[in-house]
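Sharing a model prediction with you, sequence too.
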Amino acid sequence: METATGEDAQSENVSITAQPVTEQLPDVADWIPEFALPAWQLIDQFPLLGALVVAAIAVLISAFARFAFFPLAARVVGRSEGIVRNVLIAQLEKPLTTTVLYFGLTLAVKAAQLPLGTDILIQALLSVIVVSWMRAALRLSSELLDQLGAQPRFAAVEERTMPLFDLSAKLLTILFGSYALLLIWGINPVGWLASAGIVGIAVGFAAKDTLANLFSGFFIVADAPYKIGDYINLDSGERGKVSAIGLRSTRLMTRDDIEITIPNGVIAAAKIVNESGGPARQMRQRIPVGVAYGSDVDQVCEVLLQVGLVNPEVRERPEPRVRMRGFGASSLDFELLVWIENPEDGGRIKHDLLMATYKALHEAGIEIPYAKQDVYIKEMPSAR
């Protein structure tokens, strides 16, 4: 059996762990101005004293930034409206002051030259900085999206695309933050990514339905066949108002006040009829009417038109109209066309229009034909 040489073992170890972050940090002397280098060289002969000096300077700079610089910047920028005043100044204050303080403490720990625990302390302090920026980025992405969505010039950021941008920003923040934390703790993420790929394949087969719903949710948010508040019909029979759009499922509130949760994978493969879609929310309602042959067609049009005009829930613009659609087997086929404001009220308004149509035709003496059969006996059977 062949054994790995020392060089191979060393390369294998490098693939698992990255270079320690302590060795990559600059010395405190690299941050000292030239005129102060002699004084620092004198202080540096006493490591603990040098560490206290560096820590004190970091605390002072952090306090100045928090209590003087950022309040002054907020007052200066506060005279103008915009994203900078509302978001950046407020959300960047904490991570920037945290960075100054903890990075200064990191340099202080390195200058102290402790016999034990230097690497762990430095890694912990740098991790606090990364976590602080991750939390700020998560908050900042949400705030920026809210601000951009409120401005008409950013047409791409609206209510339907907001969840997509928000989730993408959060995923990128977590990925980059996790990558930085792995590097800080001396872990090379390449091997972890390779292992995660193998695990991801297995998880993908086990959770293919969940992943299908997740990707369908992305496409629904991006393509926007409907939005929250729209009234939709599915070819599977579900009908209701969209109450929530998630990355895994969509919820519909039916007219029975029952909430239906439908997986996005099902909706993505279904035919969707959006009654609230189009240039406006209002919807045209059709009322088919059949009258007997021999009726006065002009009178029928006037009666039906009056039914549409007197209904208070029918829109005046576009105005109601009546159309003759054809010659039926036993009736003249007409259609009353009206526009209503909310699609979810269509059933109730259609009921009112049908009731009013029947009464109006009855009062006008216009017959509504119905199917009937006359039986003629050609010859009576003979009695035996």
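Good, I have the coordinates.

Enumerate every residue touching residue 301.
322, 324, 334 (CB atoms under 8 Å, 6 or more residues apart in numbering). All C-beta spots, glycine's among them, are computed from the backbone N, C-alpha and C.

out of these, which are inside strands?
322, 324, 334 (DSSP state E).

Buried ones among those?
Among these, those scoring as buried are 322, 334 (criterion: 16 or more other CB atoms under 10 Å).

wait, which of the ones in strands among the contacts of residue 301 is closest to residue 69?
Distance to residue 69 across the ones in strands among the contacts of residue 301 (CB to CB) is lowest for residue 322, with 73.2 Å.

now the contacts of residue 301 as a markdown table including distance to residue 181 and pLDDT?
Listed next are the contacts of residue 301 as a markdown table, based on distance: CB to CB, whole Å; pLDDT from 0 to 100:
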| residue | distance to residue 181 | pLDDT |
| --- | --- | --- |
| 322 | 71 | 96 |
| 324 | 74 | 96 |
| 334 | 73 | 96 |
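
Around residue 113, count how many other residues there are.
The number of residues packed near residue 113 is 12, by other CB atoms under 10 Å.

hang on, isn't it packed against residue 47?
Yes. Contact between residue 113 and residue 47 holds when scored by CB atoms under 8 Å: they sit 4.3 Å apart.

Overlap in contacts, the two.
Counting by CB under 8 Å, 6+ apart, nothing touches both residue 113 and residue 47.

hang on, the earlier thing: adding distance to residue 373, write the ones in strands among the contacts of residue 301 out as a markdown table.
Converted to a markdown table, the ones in strands among the contacts of residue 301 look like this (distance: CB to CB, whole Å):
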| residue | distance to residue 373 |
| --- | --- |
| 322 | 30 |
| 324 | 27 |
| 334 | 24 |
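
between the ones in strands among the contacts of residue 301, which is nearest residue 93?
Nearest to residue 93 among the ones in strands among the contacts of residue 301 is residue 322, at 66.9 Å by CB to CB.

Report the beta-bridge partner residues of the closest one.
Using DSSP bridges, the beta-bridge partners of residue 322 come out as residue 336.

Kindly report the same for the one 10 residues further on.
Each beta-bridge partner of residue 332 is listed here, defined by DSSP bridges: residue 291, residue 327.

Provide a list of residues in contact with it.
Contacts of residue 332 by CB under 8 Å, 6+ apart are 290-293, 295, 297, 300, 324.

Distance of it relative to residue 295?
6 Å (CB to CB, to the nearest Å).

Tell me how this structure divides into domains.
Following automatic domain parsing, one gets these domains for the chain: 14-201, 219-274, 283-363.

remind me which residues of the stretch 251-384 of the chain are low pLDDT?
383-384 (pLDDT under 70).

where's residue 56, which helix or strand?
Taking DSSP states H and E as the criterion, the element that holds residue 56 is helix 47-64.
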